[in-house]
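K.L.:
would you be able to build a 3D model of this:
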Amino acid sequence: MNILQQAARRLERLEALDKVARPLAATVGRAVQPRVVRNLLSGTYLGHPLHPVLTDLPIGAIERAIVHDPGDQILVLAKSIDLSWKTTRAILMLDSGVNAAEYVDRYKKLRLETARSPIQFYRLRERATKTPPR
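P.N.:
I've put the predicted structure just below:
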């Protein structure tokens with residue numbers, strides 16, 4: 001057993017972590033409880049899990065897409081990671097209030113570089129908030 005495995009075993013046995021992990025696990029469980037969210041993340045609709053793709057996007061950008069004006073925000077996120085229109089349409093259709101057909105022209109006209117600009121902004125903003133002042 002190497003040193004990393006030993007460290008992992010020690011962490012697994014720390015009861016202090018359980019105090020944090022249990023409520024966190026319950027919160028995550030409630031967040032993915034709706035079947036739509038669970039199916040989206042596992043790839044039921046897309047034929048491929050979506051969660052690995054989302055790890056390349058800043059949390060702020062994902063949150064904004066989900067909470068504020070989801071249609072246009074989802075277009076930008078999808079285009080920035082070069083998702084196909086078929087995949088983007090499937091994601092848009094998860095929200096019953098969104099008519100995906102309205103977005104096809106905007107998606108096709110949106111350039112990859114243009115979509116990546118706000119993502120770069122979110123990344124820089126996240127980095128700036130994590131960097132301690134000198």
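K.L.:
need the pLDDT of V76.
P.N.:
pLDDT, V76: 84.
K.L.:
from what I can see it touches E113, true?
P.N.:
No - at 11.9 Å, V76 does not count as touching E113 under the criterion of Cβ atoms under 8 Å. From N, CA and C alone the C-beta is placed, and that goes for glycine too.
K.L.:
so for the two, which sits in the more crowded spot?
P.N.:
More neighbours surround V76 than the other of V76 and E113, with 20 against 9 (other Cβ atoms under 10 Å).
K.L.:
leaving out the residues flanking it, which one is nearest to the more buried one?
P.N.:
Distances taken as Cβ to Cβ, 6 or more residues apart in numbering place A115 nearest to V76, at 4.9 Å, with adjacent residues excluded.
K.L.:
identify the residues contacting that neighbour.
P.N.:
A115 sits next to 75-77, 79-80 when contact means Cβ atoms under 8 Å, 6 or more residues apart in numbering.
K.L.:
same thing but at 6 Å, please
P.N.:
Applying Cβ atoms under 6 Å, 6 or more residues apart in numbering, we find A115 in contact with 76, 79-80.
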